[in-house]
Structure formats: structure tokens, C-alpha cells
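> No sequence on hand, only this structure:
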């Protein structure tokens, strides 16, 4: 019985490495999209997705290191990525981020 | 609804004091007992039983998770087909929900369901513009959105 | 005996969640690179990466619970947060793109939002 448990834990370790590889490949693809992207909103989409992928990397890292310290990091990256995307979208739409004349 | 929750809390505290066990399990036991009492006596208390609304919210969340998973399977299929034959377009969906946060909820639900993405709300809050990835019939997709999501949201909020 | 079996099953569930999440995130990125315009790219970005990150964070939550018996509510909060905010940012980006005058890639369909804006301006 313990051998099966040890085997699943080994498979889990290999899985973590596979997940790191997969998310790294997706980050490289997104970087290529940021450089290539014909228009500015394309780049904004890719940047938003990069934020989400960083959350995934932090989540897998918290399994790899077996720590709970990184859960704060996951939440914070999510919040900062959302605010950054909103700021970029508002800048693209109106040319300013904080509009002073509130209608 | 607020009246029923207050009654439920009072029953829970009374149960806790009568048992002389001032702990979280005692409170939870009292709350469950209060829910049972309210359910049995719901004919004599004004308003509908408040857990009914709770069950509707739960069913809305389950519907949402089901649609999210099916939309992901669609996207993965579309990504790995060579030369995808998509026919994207933007169509207008007339909406009946009025208040701001109902429209927000509807737009969020539409964005995460298969093949649709909400783009903008018209100025008079009566139309929602939706980008569709691959639709065969516009009328059919409009009626399916109206019958599933809008109905579920109206059941929760009204 | 039974506890060992439960631990094995939880490990298998964690492995499945992590692999499925990585598959969804990777296919979202491939979709972003392959699709023709901003709006179709947003389809891939919102749907794929939202479910992918939810799967990965559920896997991390289950692992922390089974291996160290820690219930980490922050991970669940992060899942709820991403489910709420991803459609909002997609809506903002697509509206900004449309107001910037980026034409959607059309085939056999038309752009009713453009028509509505034109009708309003001509009034």
C-alpha cells in the first residue's frame, strides 16, 4: 500500500514539473504576441493573460515548496493584474486614466 | 426576508442559552433548528420562505459552472482544429433587466458562456451588444440566452 | 489502511486538476496567438485562462489540505475573484478596442454595434 502512495507522490512531483513547463511555454507565446500584436488592444489582452499565468505559477510554486506564504501572492497578483488591465483599457479608450470632469 | 432571518437568529440564541452551551456548534444547531421551525410554520409567517431564494442562487451558480466547462471544451476544440471555419459577428440582444447590477451580472455570465462575449451596453440600457464566435442562427442564440440566464437572474432578484 | 487509500485518491485528483488546468492555460495562449482579431482573441483569453487558473488553484488547495491539513481560504477567494474580474476586464478591453475603431474580422455576418452608433450620430 505504501508503495502505491510513494508512486503517486513521485507522479505528483513529475506533474509539477510538467505544469511549470507548460505555463512557461504559454508565457513565451504571450511574450511573442506582445511583441508582434498588430494593435494596442492585442497587447493589452496578452498582458492580462500574463497576469493570470503568473497567478498559476505562484499556485504551483506553493505546492512545490509546500508553503502557505505564497497564497497572499496569488491574491495580490490577481488584484494588481485586474487594476492594471482596467487602467490600460481606460487609457486606450479615453486617453486619460482619471477623468476629472465626472459626468 | 430580513424579518425571517432575525427570527431565525433569535431562535438560535434562545437554543444556545437554554442549552447553556455557548459555543459555535451550539449556535449552528440552534440555527438549523430555527430553519426547521420556519419551514414548518411558513404558512403563518409573512413572506415566502427565505431559503427558497438561497436555493435559486445555488442553482444559478451550478448553471454557470456547467456553461463555463462546456465553453472551455468548445474553445479547446476550436484552438486545435487546423484552419478553423469561424463566422464571427456582433449582434444586439434586447434585455429586460433594468437595474445596474442585474445588467452587470448578465454581461458577466454572457462573457463566460460558449461562443459569446459582451462588448458594450447601449446608452439607454436596453440593448447589449454581443460578439459571437461561431453562430448558426442569431434568433436561436438570442432566445436561448433569454430563456436560461435572464430567467434565472430575474428569479433571483425579483 | 483506509486513510492510505484516501490519500492516494486525493493525490490522483490533484494530479488530474493540475494537468487539466495547464492544458487549458496553454491552449488559451495558443488560441491568442492563432486567432485573427482582438475579439476572437478575447474569447480564448477569458474562457480558457479562467477555468485553467480555477483548476490549478483547486489543486493547490487540495494539496495544502491533504499534506499539511491547512485550510487556505485565500486560494478560494482568489478563485472567486478571478471569476468575477476576468469578464469585466474583457468587456473593458473590447469596448476600448471598438471605440478605437478596430474593425472586427467578419465573414458572412455584420456588425450591429457599428450600425447602432452610426444611427445615433446621424440623429
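All right, it came through fine. Predicted, not measured: the structure shown is a model, and the values here were computed from it.
> top helix in the chain by residue count?
Looking at chain A here, since you left the chain open. The longest helix of chain A (DSSP state H) is helix A:2-36.
> That was the other one, I meant chain B.
Under DSSP H, chain B gives helix B:50-79 as its longest helix.
> Show the subsequent helix or strand relative to that one.
Next along the chain after helix B:50-79, taking DSSP states H and E as the criterion, comes strand B:89-94.
> what residues does that following strand touch?
Strand B:89-94 is contacted from outside by B:119, B:122, B:126-132, B:135, B:138, B:141-142, B:145-146, C:39, C:104, C:106, C:108-114, C:116, using CB atoms under 8 Å, 6 or more residues apart in numbering or on different chains. Using the backbone N, CA and C atoms, a C-beta is placed for each residue, glycine as well.
> quick one: is the helix or strand where residue C:46 lies near chain B?
Using DSSP H and E, residue C:46 falls within helix C:38-68. Yes: for helix C:38-68 and chain B, the contact criterion (CB under 8 Å from any CB of the partner chain) is met by C:39-40, C:42-44, C:46-48, C:50-51.
> Direction-wise, compare the top helix by length along chain C with helix C:38-68 and give the angle.
If you go by DSSP H, chain C has its longest helix at helix C:2-34. Between helix C:2-34 and helix C:38-68, the angle comes out at 160 degrees (axes from the mean of the first three to the mean of the last three CA atoms, to 10 degrees).
> Helix C:2-34 versus helix A:2-36: what angle between them?
Per the same axes, to 10 degrees, the angle that helix C:2-34 makes with helix A:2-36 is 20 degrees.
> Can you name every helix or strand that helix C:2-34 contacts?
helix A:2-36, helix A:40-64, helix B:50-79, helix C:38-68 (3 or more CB pairs under 8 Å, 6 or more residues apart in numbering or on different chains; DSSP states H and E).
> Quick one: distance of it to the chain centre.
Computed by CA atoms, centre = their mean, to the nearest Å, the separation of helix C:2-34 from the middle of its chain amounts to 15 Å.
> In it, which residues are buried?
Neighbour counts using 16 or more other CB atoms under 10 Å in any protein chain shown place C:7-8, C:10-11, C:14-15, C:17-34 of helix C:2-34 among the buried residues.
> one step back: what's the most buried one of the helices and strands packed on helix C:2-34?
helix C:38-68 (a mean of 25; mean count of other CB atoms under 10 Å in any protein chain shown).
> Can you name the next helix or strand after that helix?
Helices and strands here follow DSSP H and E; after helix C:38-68, the next one along the chain is helix C:73-99.
> OK, now which residue of chain B is nearest to chain A?
residue B:120 (10.9 Å; CB to the nearest CB).
> what secondary structure does that residue sit in?
Taking DSSP: H, G, I helix; E, B strand; the rest coil as the rule, one finds residue B:120 in the strand state.
> low-scoring stretches of chain A, by residue?
A:101-103 (pLDDT under 70).
> can you check chain C too?
Chain C contains residues with pLDDT under 70 at C:107-112, C:123.
> For residue C:96, list the residues it contacts.
So residue C:96 contacts A:41, A:44, A:89-90, A:92-93 (CB under 8 Å, 6+ apart).
> Tell me which two in the residues you listed are the farthest apart.
Largest separation among the contacts of residue C:96 by CB to CB: A:41 and A:90, giving 12.4 Å.
> what's the spacing between residue B:90 and residue B:127?
For residue B:90, the distance to residue B:127 equals 11 Å [CB to CB, to the nearest Å].
> Pick out whichever of the two has more residues nearby.
Each of residue B:90 and residue B:127 has its neighbours counted (other CB atoms under 10 Å in any protein chain shown); residue B:90 has more, 24 against 18.
> Who is that one paired with across the strands?
Per DSSP bridges, the residues bridged to residue B:90 are residue B:131, residue C:111.
> That one and residue C:10: what is the separation?
Distance of residue B:90 to residue C:10, given as CB to CB: 45 Å.
> Residue C:70 too?
Between residue C:70 and residue C:10 the computed distance is 14 Å (CB to CB).
> Same question for residue C:63.
Counting by CB to CB, the gap from residue C:63 to residue C:10 is 8 Å.
> do the same with residue C:80
Distance of residue C:80 to residue C:10, given as CB to CB: 23 Å.
> For chain A, which residue gets nearest to chain B?
For chain A, CB to the nearest CB, closest residue to chain B: residue A:93, 10.9 Å.
> Going by neighbour count, which residues in the helix or strand containing that residue are buried?
Using DSSP H and E, residue A:93 maps to helix A:70-94. Neighbour counts over helix A:70-94 (16+ other CB under 10 Å) mark A:70-71, A:73-75, A:77-78, A:81-82, A:85-86, A:88-90, A:92-93 as buried.
> which residue is nearest the centroid of chain C?
Taking CA atoms, centre = their mean as the criterion, residue C:50 is the residue nearest the geometric centre of chain C, at 2.0 Å.
> so that residue makes contact with residue C:82?
Yes: using CB atoms under 8 Å, residue C:50 makes contact with residue C:82 at a distance of 6.1 Å.
> Common neighbours of these two, please.
What both residue C:50 and residue C:82 touch, as defined by CB under 8 Å, 6+ apart, is the set residue A:52.
> rewinding a little: if we only consider the residues of helix C:38-68 next to chain B, which is nearest to chain A?
Out of the residues of helix C:38-68 next to chain B, the member with the shortest distance to chain A (by CB to the nearest CB) is residue C:42, at 5.9 Å.
> Could you double-check that that closest one lies in contact with residue C:90?
Yes: under the criterion of CB under 8 Å, residue C:42 makes contact with residue C:90 at 5.0 Å.
> so what sits against both of these two?
In contact with both residue C:42 and residue C:90: residue B:117, using CB under 8 Å, 6+ apart.
> Could you report the pLDDT at the residue in chain B that chain C sits nearest to?
Using CB to the nearest CB, the closest approach of chain B to chain C is made by residue B:89 at 2.5 Å. pLDDT recorded at residue B:89 is 78.
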